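> The following comprises the amino acid sequence and a computationally predicted model.
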Amino acid sequence: MSANKLPPPGAVQKILIWHQGALGDLLLAGPALSAISRHYPQARITGLGHPERWALLAPTLSLEAVWDSAAAFWSPLFTSDSPLPAALKERLAAFQLALAFSPQPHPTLLARLAQAGIAGVQWLPSWPPSGGEPVGAFLAAQLARLGLRLIPKPFRLVIGEDWQDQAPPLSGPGPFLAVAPGSGHPCKNWLLTHYYEVSRALAWQHGMQVIWLTGPAEEPLIPYLKGLAAAQDHLLLAGLPLTAVAATLARCRLYLGGDSGLTHLAAAVGVPGVLALFGPTDPVVWAPRGEGVRVLSAPCPQAPCAPAREITCPEPRCMQDLSPDLVLATAAALLQRG
């Protein structure tokens, strides 16, 4: 096998895919992961990374297993000063192909995977190093370099049969509006007062039932959101498992959020209308794709200003200046398109 090519399908029965990225990064890699699964239809795939995030991909990729990359068991793969433990070699011996997604190459990791007996080991950069190119198109080019053809298209998740059982029941007939006000960086967040203004208007004008979604990063907002939800008869869902969030989103007609993993999740489960608000980060690179996805960018001449994903702006004025009236009008247009 060429060092720059993937092994043929007939030579691979088990594939290990290492991806420790955030939720949005993992879902942006979804089309590439699906293409790998289709290219090796007889192979069983094991995901190695954040277990809760990888669990979202289990039905879509028919995963054989999900392993936690944060476990100390894997630490010898990043050092070369001692032999690989026998237990680690035994765990990896069954794989014929290992693909490691990461922003930067880890030569030691790749070498140690090969030492464990995996014949095909390849590194795939998680995203374009200099920006300006959609992550999906960039990953398609990386796979083409390895001999696997991929036409980028929106990624859709298969909803697990038991996911809805993990989600709280939604009262009323809907239609439901999901609002996710947080993200991984405060400078990417729209003002909470703006979210409230738009969600209240959509509830009044279009009869929508509002669901607020929060995770660990939004813990400080929960007391305020509890009072808001109670006053407006909204539903607040805080700290749900991601599979339960996915099942809840799949029942929604409209989603409103920023550059966050939940925005990518909403698009991946097929919410008919996904409105994504972008400021310092570049939507050309990072926005989800889909027929029902609409992106609004902050009206700032410097935005986007984080080509390398490092946000240095001391104050998110770009997001503050994004008009609630524009967001409301765009959301209404998404609803009208059916």
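Structure received. Numbers count the residues shown, from 1 in each chain.

> So residue 294: helix, strand or coil?
strand (DSSP: H, G, I helix; E, B strand; the rest coil).

> And the one 10 residues further on, by the same measure?
Counting by three-state DSSP, the backbone at residue 304 sits in coil.

> number of nearby residues for it?
Counted with other Cβ atoms under 10 Å, the neighbours of residue 304 add up to 21. Where C-beta positions appear, they are placed from N, C-alpha and C, glycine not excepted.

> Residue 281 is in contact with that one, correct?
Yes. Applying Cβ atoms under 8 Å as the test, residue 304 and residue 281 come out as touching, 5.6 Å apart.

> now residue 164, nearest residue through space, not along the chain?
Nearest-residue entry for residue 164: residue 247, 4.4 Å, with adjacent residues in sequence omitted and distances by Cβ to Cβ, 6 or more residues apart in numbering.

> What are the phi and psi values at the one you found?
As for residue 247, its main-chain torsions (degrees, to the nearest 10) stand at phi -60, psi -40.

> list the contacts for it?
Contacts here follow Cβ atoms under 8 Å, 6 or more residues apart in numbering; on that basis residue 247 touches 159, 160, 163, 164, 166, 167.

> measure it to residue 279 for me?
With the distance defined as Cβ to Cβ, to the nearest Å, residue 247 ends up 29 Å from residue 279.

> so where do the strands sit in the stretch 201-338 of the chain?
Listed in chain order, the strands of the stretch 201-338 of the chain (DSSP state E, counting those that start in this stretch) span residues 209-214, 235-238, 254-258, 273-278, 293-297.

> now the ones you listed in TSV, with distance to residue 33 and mean neighbour count?
Rendered in TSV, the data for those read as follows (distance: least, Cβ to Cβ, whole Å; neighbours: other Cβ atoms under 10 Å):
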stretch	distance to residue 33	mean neighbour count
strand 209-214	24	23
strand 235-238	27	17
strand 254-258	23	26
strand 273-278	21	26
strand 293-297	20	18
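
> Tell me how many other residues surround residue 313.
Count around residue 313 with other Cβ under 10 Å applied: 17.

> residue contacts, it?
Under the contact definition (Cβ under 8 Å, 6+ apart), the residues listed for residue 313 are 187, 280, 302, 305, 306.

> In this structure the third one contacts residue 318, no?
Yes. A contact is recorded between residue 302 and residue 318 when judged using Cβ under 8 Å, the distance being 7.2 Å.

> Compare the two (neighbour count), which wins?
residue 318 (22 against 11).

> Contacts only, for the more buried one.
In this structure, residue 318 makes contact with 279, 280, 298, 299, 300, 302, 303, 305, judged by Cβ under 8 Å, 6+ apart.

> Would you mind listing which of these are buried?
The neighbour-count test (16 or more other Cβ atoms under 10 Å) applied to these identifies 279, 280, 298, 300, 303, 305 as buried.

> pLDDT and distance to residue 117 added to these, as TSV?
Shown next, in TSV, are the buried ones among the contacts of residue 318 (pLDDT from 0 to 100; distance: Cβ to Cβ, whole Å):
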residue	pLDDT	distance to residue 117
279	92	47
280	92	44
298	84	50
300	85	52
303	84	48
305	83	46
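
> Tell me which residues of the lowest-mean-pLDDT helix or strand in the chain come out buried.
In the chain, the helix or strand scored least confidently by mean pLDDT, DSSP states H and E is helix 317-320, which has a mean of 84. Within helix 317-320, the residues scored as buried using 16+ other Cβ under 10 Å are 318, 319.

> in terms of contact, does residue 109 touch residue 78 like I think?
Yes. Because the distance of 6.0 Å satisfies Cβ under 8 Å, residue 109 is recorded as touching residue 78.

> Looking at these two, which has the bigger crowd around it?
The neighbour comparison of residue 109 against residue 78 (other Cβ under 10 Å) goes to residue 109, with 20 against 10.

> Near the residue lying closest to residue 182 once chain neighbours are set aside, how many other residues are there?
By the measure of Cβ to Cβ, 6+ apart, the closest residue to residue 182 outside its immediate chain neighbours is residue 218, 3.9 Å from it. Residue 218: 19 surrounding residues under other Cβ under 10 Å.

> measure residue 218 to residue 212 for me?
In this view, residue 218 and residue 212 are 9 Å apart by Cβ to Cβ.

> and for the two, which residues touch both?
Among the neighbours of residue 218, those also in contact with residue 212 (Cβ under 8 Å, 6+ apart) are 181, 225.

> Quick check: which ranges of this structure have low pLDDT?
Screening the chain residue by residue with the criterion pLDDT under 70, one finds the ranges 1-3, 307-309, 316, 338.
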